[in-house]
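Trainee: This is a predicted model, with the sequence first.
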Amino acid sequence: MEWSEDALNTILKESSAGNISKIHFDRSKKDHIHLIKRTSSSLSKDIQNRIFRGYNCQWNIFTCQKLLTPSMLLFSWRVLNDLIPTDDILKLKGLKGPSRCHLCNNDQESSDHFFFSCRFARDVWKNLTSKFNINLINVGKGNIKDNLKDWQKINLMSLPFIVVWFLWNARNKVKHEDMGINPDSVVANCQAYLQKLISWKNFTNKKAGIGVIFRDHTGKALLYFKAPYIAVDSLETKAIALYWAIKFAMEIQWNWIIAEVDSSLLVDLISKNLSPPWNIIQWMHKIKKIISEIKLQISFVYGEANKAANFLALEGSNSNHGEVSTSHPLPLQLLLQGDKLHIPYLRL
C-alpha cells in the first residue's frame, strides 16, 4: 500500500514526508509494537534527540543543549514557538475565559507579562542577578525570542530559559496545587541549578566527600570525620555534611552548636525557611527536624576560611569508608594551626 503524500505534506516537512512515503506497509497485517532497548541514554533524552534532530528552532536552542535538561529544552522550544498554555495563547485557540496572572494577581496572563513584566518575575530577576552580579542593562525585556541576540552577546543564552522554567513550575503550583509561592523560593531553585552548572566539572562522576571538624569555644580541634558520598552537586554535599555533623554532636550530647558553612544558599534555606531544591528536600526535612531538639546558630564563611573542612571532604571523596578520629594528620594540623595565625600564610 502507498501513503497519501498530500496528507503527509500537510503535517510534516517535505523531507520527512518523503522519507516516510518510501516505507511500504500492508494494511491487511496487524500493527505490532517494536521496542528498542537503549542503555546509553534515558527515554526522555532519546525522545528529545529524535524530536530536535535536524530541525532549526528559533535562534537554534541547540547552543543550550549541554546546559539544559531534556525537559527544559523541550519547554524552551515551546516558549520560542508560542506553544505554552498561557491565557493569551489559549484564547487564540478558542478557550476564552477570565484571565489573571497567578503569580502577581494584578494583570492578565500572557507570556510577555509572565516572564519579565510580572512583579513576581521582576523580583526573581532582580534577586538572581544581584546574587550572581550579572549586568542585564543591554538586554531587552519582553518576549524572549525577540531578545535572544542580546543574551547571545553576553554569552548567557541559557539563563532566560532556566529562569522561565522555574517561574513556570511556580505558576503551575499556584494554579493547579493551590500552593503559596514566593520569589525567594524560585531564586533558590535557579541558584541551585546554576551552581550545579558552575561546579559540574567537579561532579562528573557524582562522587563527592563530606568533611566536618569540631572545635570548642577556644578554637581547639576536638575531633573530625570524613566520608565518601554520592551527590548531585556541592549544595547536596554541604547539606549532608551538616546533617551528620548535627546528628553526631547530639549523640555525644553537644546540644549547643555554632555551625559555619561555606554555602550561603544552605544558610538561607535554613534560616529563612525557603523551599529547597528538589535534590535536597529530604535532607532539609531531616535537618529541620533534628535542629528543633538543639540550639543551633548557623552562619556563612567563605571557602578560604573553611580550608580544614574542605581538606577533609577531599580526603573523604578519595576514601572507601568513613573515618572519625581525634588524631589529626599533619596537613590538617597545619591548616588548624594556620587558623590561629594573624599573618598571611600558604594553605595547601
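Mentor: Yep, it's here.

Trainee: can we go C-alpha only for contacts and neighbour counts from here?
Mentor: OK.

Trainee: In terms of helices and strands, where is residue 104?
Mentor: Per DSSP states H and E, residue 104 falls between elements, in no helix or strand.

Trainee: Counting neighbours, what do you get for it?
Mentor: 15 (other Cα atoms under 10 Å).

Trainee: Same question for the one 3 residues further on.
Mentor: Neighbour count of residue 107, defined by other Cα under 10 Å: 16.

Trainee: confidence score at it?
Mentor: At residue 107, the model reports a pLDDT of 87.

Trainee: ok so it is a strand residue?
Mentor: No. In this structure, residue 107 is coil, not part of a strand, as judged by DSSP: H, G, I helix; E, B strand; the rest coil.

Trainee: Would you confirm that it contacts residue 114?
Mentor: No. The criterion here is Cα atoms under 8 Å, and residue 107 misses it with residue 114 at 9.4 Å.

Trainee: between those two, what contacts are shared?
Mentor: residue 101 (Cα atoms under 8 Å, 6 or more residues apart in numbering).

Trainee: Secondary structure element holding residue 214?
Mentor: Going by DSSP H and E, residue 214 is part of strand 207-215.

Trainee: Pull out the buried positions in that strand.
Mentor: For strand 207-215, a neighbour-count test (16 or more other Cα atoms under 10 Å) marks 208-214 as buried.

Trainee: For it, name the packing helices and strands.
Mentor: Counting contacts by 3 or more Cα pairs under 8 Å, 6 or more residues apart in numbering; DSSP states H and E, strand 207-215 packs against strand 221-230, helix 234-251, helix 307-317.

Trainee: right, and the ones you listed - which one's nearest residue 151?
Mentor: With Cα to Cα, the closest approach to residue 151 among the helices and strands packed on strand 207-215 belongs to helix 234-251: 27.1 Å.

Trainee: and that closest one with strand 207-215, angle?
Mentor: 40 degrees (axes from the mean of the first three to the mean of the last three Cα atoms, to 10 degrees).

Trainee: what angle do helix 234-251 and strand 221-230 make?
Mentor: Going by the same axes, to 10 degrees, helix 234-251 makes 130 degrees with strand 221-230.

Trainee: Export helix 234-251 to CSV, keeping only CA atoms.
Mentor: Taking Å, rounded to 0.1, in the frame of the first residue of the first chain, the C-alpha atoms of helix 234-251 are listed here in CSV:
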residue,chain,number,x,y,z
SER,A,234,28.0,20.8,46.0
LEU,A,235,24.9,22.0,47.8
GLU,A,236,23.8,18.5,48.5
THR,A,237,27.2,17.6,50.0
LYS,A,238,27.0,20.6,52.3
ALA,A,239,23.5,19.6,53.4
ILE,A,240,24.6,16.0,54.0
ALA,A,241,27.7,17.1,56.0
LEU,A,242,25.6,19.5,58.2
TYR,A,243,23.0,16.8,58.9
TRP,A,244,25.6,14.2,60.0
ALA,A,245,27.6,16.8,62.0
ILE,A,246,24.5,17.8,64.0
LYS,A,247,23.4,14.2,64.5
PHE,A,248,26.9,13.2,65.6
ALA,A,249,27.0,16.1,68.1
MET,A,250,23.7,15.1,69.5
GLU,A,251,24.9,11.5,70.0
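
Trainee: Okay, now the sheet partners of the following helix or strand past that helix, with direction.
Mentor: Counting by DSSP H and E, the next helix or strand C-terminal to helix 234-251 is strand 256-261. With DSSP bridges as the test, strand 256-261 is paired with strand 295-300 (parallel).

Trainee: Show me what counts as buried in the strand it pairs with.
Mentor: Applying 16+ other Cα under 10 Å to strand 295-300 flags 298-299 as buried.

Trainee: Just the residues contacting it, thanks.
Mentor: By Cα under 8 Å, 6+ apart, the list of residues contacting strand 295-300 reads 255-264, 267, 271.
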